[in-house]
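Q: My questions are about this predicted structure, shown below with the sequence.
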Protein chains: 2
Amino acid sequence: MSTYHPLSEIQAIEYARQIPNLFQADSDLTSHEIGDGNLNLVFRISEIATGKSIILKQALPYAKVVGESWPLTLDRARIESEALIIEEALNPDLVPHVYAYDADLALTVMEDLSDHVIMRKGLIEGNQYPLFAEHIGRFLANTLFFTSDLGKNQQEKKIQQGRFINPELCKITEDLIFDDPYRDAETNSIEAPIRDAAEQLWADKNLHFEVAILRNKFLTSAQALLHGDLHTGSIFIKPDSTKVIDPEFAYYGPMGFDIGAVLANLILNFAGQEGWSTTSESRTAYRAYLLQTVKDVWTHFEANFRALWNQHGVDRVFQAAGYQDYFLAELLKDTVGFTGAKMVRRIVGLAHVADIDKIEDAAARERAQRLALAIGTSYIRTNRQITSIDELIAIATKEAAAERGFAL
Amino acid sequence: MSTYHPLSEIQAIEYARQIPNLFQADSDLTSHEIGDGNLNLVFRISEIATGKSIILKQALPYAKVVGESWPLTLDRARIESEALIIEEALNPDLVPHVYAYDADLALTVMEDLSDHVIMRKGLIEGNQYPLFAEHIGRFLANTLFFTSDLGKNQQEKKIQQGRFINPELCKITEDLIFDDPYRDAETNSIEAPIRDAAEQLWADKNLHFEVAILRNKFLTSAQALLHGDLHTGSIFIKPDSTKVIDPEFAYYGPMGFDIGAVLANLILNFAGQEGWSTTSESRTAYRAYLLQTVKDVWTHFEANFRALWNQHGVDRVFQAAGYQDYFLAELLKDTVGFTGAKMVRRIVGLAHVADIDKIEDAAARERAQRLALAIGTSYIRTNRQITSIDELIAIATKEAAAERGFAL
């Protein structure tokens, strides 16, 4: 089994059976491949007698997106597995447990989270997750702090950084988030009714200037080990539990990119309420919930991050008076800028989100798209002037009111 | 010869003889060890019949500084050799040629530059080098541009960055430049007469805040492959030639750190003219030469860097209107901050410079030390407000006038 080959369901069962301390020696196991087949095989292996189940996730040596196929490094399975192990050590309740990793097969064996749902789906269904903000705020604080020069031995951080050099997956982000949406790129996917808005993006020189600054941060600012793709499709959730999955884009980058990914996807759903809410009251209520969650994510993140800094800071110099406040003020600005960049790419770039694209009513979908672009571009344009999370929320509220011609 | 052991002079000759296409098969070779023995062995191997000579530089597995000895990775020989090869490819006339590198012996065989002098010595002797600013400005522009995301394939840059993870030597910089001078550290070396000035450093909260920002940039800003130790002791010079040597501190860091190292050492010599100039006229003239050189280094760097960006920029997004100006304005600020940090550490930190320490007259030496501290701390305090190289020069002029109580 030591040469790479994509597993069959039978081979997945054989593989699972040999992992120590997982299943009974002779018990019946079933296997179902539940992935979408674009990037990975995902097998759920269940023990019939006990109901116990695990996930085998195997990377495929290519990526399929909208019919295209291009080669993609299997090393991303190592990166994902190592990132999960680091994240789990820092946040045992917020990451699936990794039972085993097989480098030859690019295979990770991990906890089955079938009792959770993908958060994007949960939000589209209008569910509320009152513990989410605390969970993800804590996840972000722990992971970003303890992998950074603030909370990790700075020589060990450099060595870890070397293990997370991730050129191929970083290039996907560099192209799809920080380049293509701002030009008439073949990879873009733009619905005809908002073509005019896309063309405005391509002509907006102030926007391009700010995107260049954000792109440069993504390329050069090695602050912490990022998840790298922390949208609501990378989060499994149920009312009492949040689990962060799929960190194959992990690399050492700017902290605000991960925080911004979370906020962007909450606000994309906020925009999507043009289509999902059935009454203006339910729209107002769910939007209020989403914006409160945005605020709470930042607030929990900041409180946890400051507490870690004060209790576990490894660097004497970074205890300088005023520096923590300065650092968090800069981080908020970065977060706002990356939030905007992550929103814009989901409207005009290659990969969209169901929160917007699955709205069946064309007029509502267009309103949602225009609203997401208005909020996203406002974040990008203003990010370096933002001084509080309330300003980020006020921009969403104001653009939503402007889009509808009346109050939220 | 494949296991590491420090070479004897005889072994150095044997090693040199086996390198292809260097010396005649049976010619007489002589060897002299000319290093200071603190970090490396340096053998000059000469062919008696032709006068041809080369340098064998072998890393020692420890560092000796002021009587202390601590283990130090031999991997720095690989880093130095690979950095030299990259720098030479970009600047064939400004870097010694590398004939061979032996990983097992931590040994680099390179061009002998005995017809050059160490620039620090040349400046102390009062020499002027009219080509230096053009040479080093071009070296900095080529090296920093073509190893950065501006001028290098961004995926190849990441892989190269992984080869220059350099934790041990970075830690020396982190401690000796960005920490110890700002506290009463055992490693500091402070002459008794300026103890009060050192104590002011330790109490200055505004300074500590700015040092924290600079330290963070050194730790996280992976802009380009730096030399990492580009003081005037790492430059061999003669009137018509400049050669940059000893890049064992090379790593991916903030561009301004290398530029600042050059400027700092010019301005340390400027301060040292309290002791070296024999008349006020010669002091005025040599200081004017040094400040003109500071200005010319930046001007040549900037002109070359902008031309490279315009002609060889690899990144569409970074062509955004105004971004090049913004990038260079930020880089100047960084440069000023790092210039200041590099000056302060040479007055109160572990390792000093001959430009100041070798001044025999105690009163003149103290004046030079206080002047260097006044200029360096002013750079650190004001770096984020500086908008032109002339402001950096004006600070040096003003502090020199204040130190002497009358005009420069």
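A: Nice, thanks for sending it over. Numbering: from 1, shown residues only, chains lettered A, B, ... in the order given.
Q: What helices and strands are in contact with the helix ranked longest in chain A?
A: Assignment by DSSP state H gives helix A:280-312 as the longest helix of chain A. In terms of contacts (3 or more C-beta pairs under 8 Å, 6 or more residues apart in numbering or on different chains; DSSP states H and E), helix A:280-312 is packed against helix A:132-146, helix A:255-276, helix A:323-348, helix A:389-404. Every residue, glycine included, has its C-beta placed from N, CA and C.
Q: Identify whichever of the ones you listed lies nearest to B:S234.
A: helix A:323-348 (31.0 Å; C-beta to C-beta).
Q: All the helices of chain A, residue numbers only.
A: Under DSSP H, chain A gives helices at A:9-17, A:75-90, A:119-124, A:132-146, A:154-163, A:167-176, A:195-203, A:205-220, A:255-276, A:280-312, A:323-348, A:354-357, A:362-382, A:389-404.
Q: Could you list the low-pLDDT ranges of chain A?
A: The model of chain A has pLDDT under 70 over residues A:1-2, A:65-68, A:405-408.
Q: per the record, what domains does it have?
A: A:9-111, A:117-404 (automatic domain parsing).
Q: can you tell me the distance between the two ends of the first one?
A: Distance between the boundary residues of domain A:9-111 (C-alpha to C-alpha, to the nearest Å) amounts to 18 Å.
Q: likewise stretch A:106-121?
A: Span of stretch A:106-121 from end to end, C-alpha to C-alpha: 28 Å.
Q: how distant is that stretch from the center of its chain?
A: 14 Å (C-alpha atoms, centre = their mean, to the nearest Å).
Q: What count of nearby residues applies to A:K238?
A: 16 (other C-beta atoms under 10 Å in any protein chain shown).
Q: That one and A:V117 touch, don't they?
A: Yes: with contact defined as C-beta atoms under 8 Å, A:K238 counts as touching A:V117 (6.8 Å).
Q: Contact distance from chain B - what residues of the stretch 1-150 of chain A qualify?
A: Proximity of the stretch 1-150 of chain A to chain B, by C-beta under 8 Å from any C-beta of the partner chain, involves residues A:D149.
Q: My guess is A:A261 contacts A:K342. True?
A: Yes: A:A261 lies in contact with A:K342 (C-beta under 8 Å); the separation is 5.4 Å.
Q: Identify all contacting residues around stretch A:230-239.
A: A:96, A:113, A:115-120, A:122-123, A:129-132, A:136, A:227, A:242-247, A:258, A:261-262, A:264-266, A:269, A:342, A:353 (C-beta atoms under 8 Å, 6 or more residues apart in numbering or on different chains).
Q: Same question for stretch A:210-218.
A: Taking C-beta under 8 Å, 6+ apart as the rule, stretch A:210-218 contacts A:170, A:173-174, A:177-179, A:182, A:253-254, A:256-257, A:334, A:337-338, A:341, A:380-381, A:383-384, B:149, B:315, B:317-318, B:320, B:323, B:326-327.
Q: State the distance from the nearest residue to A:H312 once chain neighbours are set aside to chain B.
A: The shortest distance from A:H312 to any non-neighbouring residue, by C-beta to C-beta, 6 or more residues apart in numbering or on different chains, is to A:G151 (5.5 Å). Noted for A:G151: a distance of 12 Å to chain B, by C-beta to the nearest C-beta, to the nearest Å.
Q: If you tally nearby residues, what's the number for A:G151?
A: 24.
Q: dump the residue contacts of it.
A: A:G151 neighbours (C-beta under 8 Å, 6+ apart): A:F145, A:L308, A:W309, A:H312, A:G313, A:V314.
Q: That one and A:W309, how far apart?
A: Noted for A:G151: a distance of 8 Å to A:W309, by C-beta to C-beta, to the nearest Å.
Q: before we move on, what about A:L39?
A: Distance from A:L39 to A:W309, by C-beta to C-beta: 36 Å.
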